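J.: Quick one: sequence and predicted model below, then my questions.
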Amino acid sequence: MTVDNSSASKLGTGGDKEAKTSGGERPDWALGLRRLYDSVVEEDLPDTFKDLLSQLDSKD
């Protein structure tokens, strides 16, 4: 498995102590989960959600 360490440095609440092996490196599955999480977070908000939020804002 190819490892992208750029996303591994972005750990949020867990810090560097989470999901490390005894050698100090994160296991492949942890890096894969981080990449998946980052890709979902970076996705644009769907237009239907934007419309719903606009409707909710206009009711105030």
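T.: Done, it's in.
J.: Now stretch 51-58: average pLDDT?
T.: The average pLDDT for stretch 51-58 rounds to 94.
J.: Kindly export it (C-alpha atoms) in PDB.
T.: Provided in PDB are the C-alpha atoms of stretch 51-58 (Å, rounded to 0.1, in the frame of the first residue of the first chain):
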ATOM      1  CA  ASP A  51     -30.800  25.300  -0.300                       C
ATOM      2  CA  LEU A  52     -32.000  23.800   3.000                       C
ATOM      3  CA  LEU A  53     -29.700  26.000   5.000                       C
ATOM      4  CA  SER A  54     -30.700  29.100   3.100                       C
ATOM      5  CA  GLN A  55     -34.400  28.300   3.800                       C
ATOM      6  CA  LEU A  56     -33.700  27.800   7.500                       C
ATOM      7  CA  ASP A  57     -31.700  31.100   7.600                       C
ATOM      8  CA  SER A  58     -34.500  33.000   5.900                       C
END
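J.: could you say what helices and strands the longest helix along the chain packs with?
T.: In terms of residue count, the longest helix belonging to the chain (DSSP state H) is helix 28-41. Applying 3 or more CB pairs under 8 Å, 6 or more residues apart in numbering; DSSP states H and E, we find helix 28-41 packed against helix 5-8. C-beta: built from backbone N, CA, C; applies to glycine.
J.: Before I go, just wanted to say thanks for your time.
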